[in-house]
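**Student:** Please find the sequence and the predicted model below.
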Amino acid sequence: MSTAVQLYARATGYGQSRGERGPISIAAELTPEQLKDHELLLVVRHRAIAHVYANEIIGAHAWNSDAVLIVEDGWGWVPMIISQRKHLQDEVLHALARQVPVADEILTRRFHEHLNKAVDLLNHSPVAIAVIERNLVDPKVVCGSEETARLMLARRGDGRVTIYERSP
């Protein structure tokens, strides 16, 4: 679950400065219920996974807790530290199940908007088609076959894929 939270936050968290690579903020497009789930996932990522705030309640429970015990071992008293970290919380798991499809739809739509702008720019560009063709990557060559390319690009068949083919 920690990995899922980290990946969600990396893709949809708070963005960097304009022009920097980083997450794409989706908060403005979320309903109040979705925003609550989104904020929970970001707080879990920032305060429970990336940085440890011991005994802080995040969601329904404390994610991290520490205790120091003093144990007598025959030569004297020895401190022993016990750390406990929660790796699974139903509330966070359900928030992920609700939010991942929402984020996927928003990010996919934005990707296609940007891709369409790039395609329009290329189609209306004074750059010679020969320059563009010299920089094309043939997914069939890279992947070995069109079928393999489609499967890889479609995340093993459960995603969306478009292979643009050069017209004759």
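**Tutor:** Great, that's in hand.
**Student:** can you pull the buried residues of the helix or strand hosting Val5?
**Tutor:** Applying DSSP states H and E as the criterion places Val5 in helix 2-12. Within helix 2-12, the residues that count as buried by 16 or more other C-beta atoms under 10 Å are Ser2, Val5, Gln6, Tyr8, Ala9, Thr12. From N, CA and C alone the C-beta is placed, and that goes for glycine too.
**Student:** wait, what's in contact with the second one?
**Tutor:** Just to be clear, that refers to Val5. Leu41, Val44, Arg45, Ile49, Val92, Leu96 (C-beta atoms under 8 Å, 6 or more residues apart in numbering).
**Student:** Give me the neighbour count for the third one.
**Tutor:** Here the number of neighbours of Arg45 (other C-beta atoms under 10 Å) works out to 19.
**Student:** surely it meets Thr12?
**Tutor:** No: between Arg45 and Thr12 there is no contact under C-beta atoms under 8 Å: 10.2 Å.
**Student:** on that earlier part again, among the buried residues of helix 2-12, which one sits closest to Leu30?
**Tutor:** Taking C-beta to C-beta as the measure, Thr12 is the one of these closest to Leu30, at 9.6 Å.
**Student:** My guess is that closest one contacts Asp104. True?
**Tutor:** No: between Thr12 and Asp104 there is no contact under C-beta under 8 Å: 9.9 Å.
**Student:** circling back to that earlier point, buried members of the contacts of Val5 into ChimeraX, please.
**Tutor:** In ChimeraX, the members of these classed as buried (16+ other C-beta under 10 Å) are selected with the following command:
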select :41,44,45,49,92,96
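**Student:** Give me the lowest-pLDDT entry from the contacts of Val5.
**Tutor:** Ranked by pLDDT, the contacts of Val5 bottom out at Ile49 (80).
**Student:** SS state for Val52?
**Tutor:** Following DSSP: H, G, I helix; E, B strand; the rest coil, we place Val52 in the coil state.
**Student:** Now do the contacts for the residue lying closest to it once chain neighbours are set aside.
**Tutor:** Once flanking residues are discounted, Val52 sits nearest to Asn64: 4.9 Å by C-beta to C-beta, 6 or more residues apart in numbering. Taking C-beta under 8 Å, 6+ apart, we find Asn64 in contact with Ala48, Val52, Tyr53, Ala54, Asn55, Glu56, Ser83, Gln84, Arg85, Lys86.
**Student:** Name the member of the residues you listed with the most neighbours.
**Tutor:** Neighbour-wise, these (other C-beta under 10 Å) top out at Ala48, 23 neighbours.
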